[in-house]
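Chemist: Sharing a model prediction with you, sequence too.
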Amino acid sequence: MCLAVPGRVLDIGEKDGTRMATVDFGGVQKEVCLEYLPDLQVGEYAIVHVGFALQRLDEESAKQTLELFAQLGMLQEEFGDPWEQAAAAGGEPWPFADDADPEAALDPAPEPALTAPQEEVQP
């Protein structure tokens, strides 16, 4: 399901001639196009759908909506890892829950390097 989620503009810049912003959605930050709201400023809230800021929103409404989405688990559904969600839907635990790098969990621990014995040098 795709949601229109409120987010707070953290910074604004330009990418390839398009006005873009980093937007915070209750702790998740994403890049968002501001072409539909060219006067949106840093610190303001907007409703964002599929990467486009569509409508300005007051702070109180934005925070209430984000809180509700979090309670319903909808932020995880919208912004969570799709592989983790698929594992959960299949009844399997997500094997990388404690790993910062999921790919690292697939590789076995590296073998310790073999070194030649060192001779003690007597003065």
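Modeler: Received the coordinates, thanks.

Chemist: Confirm Tyr36 sits in a helix?
Modeler: No. Counting by DSSP: H, G, I helix; E, B strand; the rest coil, Tyr36 is not part of a helix but coil.

Chemist: distance of it from Leu57?
Modeler: As judged by Cβ to Cβ, to the nearest Å, Tyr36 and Leu57 stand 13 Å apart. C-beta coordinates here come from the backbone N, C-alpha and C atoms, glycine included.

Chemist: and the closest residue to Ala4 other than its chain neighbours, what pLDDT?
Modeler: Excluding the flanking residues, the one nearest Ala4 by Cβ to Cβ, 6 or more residues apart in numbering is His49, at 4.1 Å. Per-residue confidence at His49 stands at 90 (pLDDT).

Chemist: following the lengthiest strand in the chain, which helix or strand shows up next?
Modeler: Identified as the longest strand of the chain according to DSSP state E is strand 5-15. Once the chain leaves strand 5-15, the next helix or strand it forms, by DSSP states H and E, is strand 18-25.

Chemist: Contacts for the next helix or strand after that following strand, please.
Modeler: Next helix or strand after strand 18-25 toward the C-terminus (DSSP H and E): strand 28-33. Under the contact criterion Cβ atoms under 8 Å, 6 or more residues apart in numbering, strand 28-33 has outside partners 7, 10, 15, 18-23, 46, 48, 51-53, 75, 79.

Chemist: Quick check: neighbours of the next helix-or-strand element following strand 28-33 in the sheet, parallel or antiparallel?
Modeler: Per DSSP H and E, the first helix or strand lying C-terminal to strand 28-33 is strand 45-49. Taking DSSP bridges as the criterion, strand 45-49 forms sheet pairs with strand 5-15 (antiparallel), strand 52-57 (antiparallel).

Chemist: Would you format the ones you listed as TSV with distance to Gly90, mean neighbour count and mean pLDDT included?
Modeler: Converted to TSV, the strands paired with strand 45-49 look like this (distance: least, Cβ to Cβ, whole Å; neighbours: other Cβ atoms under 10 Å; pLDDT from 0 to 100):
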stretch	distance to Gly90	mean neighbour count	mean pLDDT
strand 5-15	26	16	94
strand 52-57	32	17	95
